[in-house]
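**Q** Dropping the sequence and predicted coords here.
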Amino acid sequence: QVQLVESGGGLVQTGGSLRLSCAASGNIFRINDMGWYRQAPGKQRELVAVITRGGSTNYADSVKGRFTASRDNAKNTVYLQMNSLKPEDTAVYYCNARAITIPTLRQLEVWGQGTLVTVSS
C-alpha cells in the first residue's frame with residue numbers, strides 16, 4: 001500500500017506564492033510519473049502539472065510560466081511552486097503518483113487527500 005501526504009496549502013493574496021509538497025510512503029519499489037491536479041468548486045478535476053521520474057514536465061496552459069513542478073526521487077517527494085497566483089487558481093490541489101509496489105511490482109495510481117489553496121483578490 002502507498003500513501004501520499006500533501007502539505008503547503010493555505011490562503012494567499014493575488015500575486016503571491018505558495019509551495020506545495022507531497023510525500024509518498026509505503027511499500028514502494030519505484031515511483032514513475034507524479035503530478036498535481038486541482039478541483040475548483042463546481043468544476044471537474046483538471047491536470048495542473050505532471051513530472052516524470054527523469055524530470056520532464058508538462059503543464060496546463062493556464063499555469064505555464066507561473067507554476068513549477070519538481071521532485072526528489074530519493075525522498076519520493078514532489079513539489080509544486082506556485083507564483084503569481086490568481087483568484088482562479090483557488091481549488092483543492094491533489095497529488096497523484098504512479099507507483100510500482102512491493103512485492104507485486106505492479107503499478108498503482110495513488111491520490112493524496114488534497115490541500116486547499118485559496119487566492120484572495
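**A** Here it is on my side, so go on.

**Q** In this structure residue 36 contacts residue 94, no?
**A** Yes. Contact criterion C-beta atoms under 8 Å: residue 36 and residue 94 qualify, at 7.1 Å. Heads up, the C-betas are built off the backbone N, CA and C, glycines and all.

**Q** more crowded one of the two?
**A** Legend: neighbour count by other C-beta atoms under 10 Å for residue 36 and residue 94, higher for residue 36 (26 against 20).

**Q** I would like the residues contacting the helix or strand where residue 96 lies, please.
**A** Take DSSP states H and E as the rule and residue 96 turns out to sit in strand 91-101. Residues outside strand 91-101 that contact it (C-beta atoms under 8 Å, 6 or more residues apart in numbering) are 1-2, 4, 6, 9, 20, 22, 24, 26-40, 43, 45, 48, 78, 80, 106-117.

**Q** now it: mean pLDDT?
**A** Strand 91-101 shows an average pLDDT of 97 in the prediction.

**Q** OK, contacts around the closest residue to residue 92 other than its chain neighbours?
**A** Leaving out its chain neighbours, the residue that sits closest to residue 92 by C-beta to C-beta, 6 or more residues apart in numbering is residue 114, at 4.3 Å. Counting by C-beta under 8 Å, 6+ apart, residue 114 makes contact with 6, 39, 92, 93, 94.
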